[in-house]
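Undergrad: Fold the following and give me the result.
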Amino acid sequence: MANLLMKAAVLYGPMDLRLESINKPALGRLDVLIEIKANGLCGSDIHFFKEGRLGPFEVTSPYVPGHEASGVIEAVGEEVEGFKIGDRVVIEPGIPCRLCEWCKSGRYNLCPQVRFLSAPPINGTLSEYVSVPFDFVYKFPDRLTYEEAALVEPLAVGLHAINRGGLRPGMSIAIFGAGPIGLMILQCARASGAGEIFIIDKIPMRLEMAERLGATKAINAAEKDAVEEVLELTHSRGVDVLFEASGNSKVENDCLRLAKRGGVIVLVGWPDQKLVPYKLEDILDKELDIRGINRYANAYQPALGLLEAGQINLRAMITHRYPFNQVCEAFGYVSEHPDQVIKAVVVN
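TA: Next up is the predicted model:
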């Protein structure tokens, strides 16, 4: 008789993650059953682990976190097209309704009925198997390892941010935050032909990685006034497009100072405050565009194309690896040592 149970990381509440057996997911007629090979640990996963909530989402019952995942197809539903057992795939974790006006207009990430894997109470991918609709999985190039492929999800965030910013070749940018998302934005900007790329953080390890990945200038905000330095380097002009990827609401008005007249600010990081006072006269006087992003839409195939062309380096960003049976230890270490980790991957 087939084994109907699988191992999964189950989060019960703040600092209470357990590796235990749960039911193996059912296979629908339009689903593929994926044996998970690798998961990246996202900042949101760590946030739920430490605090039990993030924005409007709260852990009120046990659930499986994780949404940066790659694996191999073990079974296909009877109506699945274009996939077969043995295909290596990545998972796009936001499953929309496909029927509403946002889905039909191509902005399916804004679907009010979206089911996002790992957003409580929806189970995520830190398990041995996941069943996913076949139109939200993608084959990935043979040149990629499962570990690298797991990071296509945050790469899609970076690419969507670039698209929302309207970045064109030669434009200058600044990025607040050199964590995984900030570094993905940096690489997508470079691949898109950006001119000067400034990145700002307080953690030396992240800034060193940013320079390695192509930043024009990596600035330590713990040592100097980063905004003043960028303004000096741009002769007081500022930058064309600015990305807030730190989630630190204290820098929101720094974005206004650093954006050029007529510039664009893209808010990427989830804010640590619900309400932030903006200096509205700067927005009006400089005629700034302020744009949010909600994960991504139509970004997976372009992201995979960039990887196939060798324009993105995911391998360099993986600083820590853990076997699946040490997933609880992985969460503990990453939450306690943010200054020593860029991206941790859990390998099944």
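
Undergrad: Outline the domain layout of this structure.
TA: 5-151+314-347, 158-292 (automatic domain parsing).

Undergrad: gap between the two ends of the shortest one?
TA: End-to-end distance for domain 158-292: 13 Å, by Cα to Cα, to the nearest Å.

Undergrad: My read is that V346 contacts V327, right?
TA: Yes - the criterion here is Cβ atoms under 8 Å, and V346 meets it with V327 at 5.2 Å. C-beta coordinates here come from the backbone N, C-alpha and C atoms, glycine included.

Undergrad: any common contacting residues for the two?
TA: Contact with both V346 and V327 is made by residues L126, according to Cβ atoms under 8 Å, 6 or more residues apart in numbering.

Undergrad: longest single helix anywhere in the protein?
TA: Using DSSP state H, we find that the single longest helix of the chain is helix 152-165.

Undergrad: Return the distance of that helix from the chain's centre.
TA: Mean-position distance between helix 152-165 and its chain equals 8 Å (Cα atoms, centre = their mean, to the nearest Å).

Undergrad: quick one: contacts for the spatially most central residue of the chain?
TA: Closest to where the C-alpha atoms of the chain average out (Cα atoms, centre = their mean) is P154, at 2.9 Å. Taking Cβ under 8 Å, 6+ apart, we find P154 in contact with G40, C42, E68, P180, I181, M184, K343.

Undergrad: ditto for V89
TA: For V89, the contact set (Cβ under 8 Å, 6+ apart) comprises V32, I34, S70, G71, V72, I73, F83, V137, Y138, K139, F140.

Undergrad: cool, and D45?
TA: Shown in contact with D45 (Cβ under 8 Å, 6+ apart): P65, G66, H67, S118, G124, L126, F331.

Undergrad: Now for those: which two are most distant?
TA: H67 and F331 (14.4 Å; Cβ to Cβ).

Undergrad: strands paired with the helix or strand in which I219 is found, and their directions?
TA: If you go by DSSP states H and E, I219 is part of strand 217-220. With DSSP bridges as the test, strand 217-220 is paired with strand 197-201 (parallel).

Undergrad: From the rest of the structure, what touches the very next helix or strand once past the strand it pairs with?
TA: Per DSSP H and E, the first helix or strand lying C-terminal to strand 197-201 is helix 204-212. Here helix 204-212 makes contact (Cβ under 8 Å, 6+ apart) with 178-179, 182-183, 186, 199, 201, 218-220, 316-317, 339-340, 342.

Undergrad: If we use 7 Å, what do you get?
TA: Helix 204-212 is contacted by residues 178-179, 183, 186, 199, 201, 218, 220, 316-317, 339-340, 342 when judged by Cβ atoms under 7 Å, 6 or more residues apart in numbering.

Undergrad: what helices or strands is whatever helix or strand T319 lives in leaning on?
TA: Counting by DSSP H and E, the element that carries T319 is strand 318-323. Packing partners of strand 318-323 (3 or more Cβ pairs under 7 Å, 6 or more residues apart in numbering; DSSP states H and E): strand 343-347.

Undergrad: try 8 Å this time
TA: Counting contacts by 3 or more Cβ pairs under 8 Å, 6 or more residues apart in numbering; DSSP states H and E, strand 318-323 packs against helix 146-150, helix 327-336, strand 343-347.

Undergrad: Now mean neighbour count, distance to G214 and mean pLDDT too, for these, in a markdown table please.
TA: Formatted as a markdown table, the helices and strands packed on strand 318-323 follow (neighbours: other Cβ atoms under 10 Å; distance: least, Cβ to Cβ, whole Å; pLDDT from 0 to 100):
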| stretch | mean neighbour count | distance to G214 | mean pLDDT |
| --- | --- | --- | --- |
| helix 146-150 | 25 | 18 | 98 |
| helix 327-336 | 19 | 25 | 98 |
| strand 343-347 | 23 | 17 | 98 |
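
Undergrad: Tell me which of these sits nearest to L258.
TA: Using Cβ to Cβ, these put strand 343-347 closest to L258, at 26.5 Å.

Undergrad: Mind listing the strands the closest one pairs with, and their directions?
TA: strand 31-40 (antiparallel), strand 318-323 (parallel).

Undergrad: Please report how far I293 lies from Q301.
TA: For I293, the distance to Q301 equals 18 Å [Cβ to Cβ, to the nearest Å].

Undergrad: Of the two, give the one with the bigger neighbour count.
TA: Remark: of I293 and Q301, I293 carries more neighbours, 21 against 10, as counted by other Cβ atoms under 10 Å.

Undergrad: What is the burial count for G310?
TA: By other Cβ under 10 Å, 10 other residues sit near G310.

Undergrad: what's the answer for A69, then?
TA: For A69, the count of nearby residues is 32 (other Cβ under 10 Å).

Undergrad: try R168
TA: R168, neighbours per other Cβ under 10 Å, totals 12.

Undergrad: That one in helix, strand or coil?
TA: The three-state label given to R168 by DSSP: H, G, I helix; E, B strand; the rest coil is coil.

Undergrad: quick one, what contacts S118?
TA: S118 makes contact with C42, S44, D45, Y63, V64, P65, G66, H67, P93, G124, T125, L126 under the criterion Cβ under 8 Å, 6+ apart.
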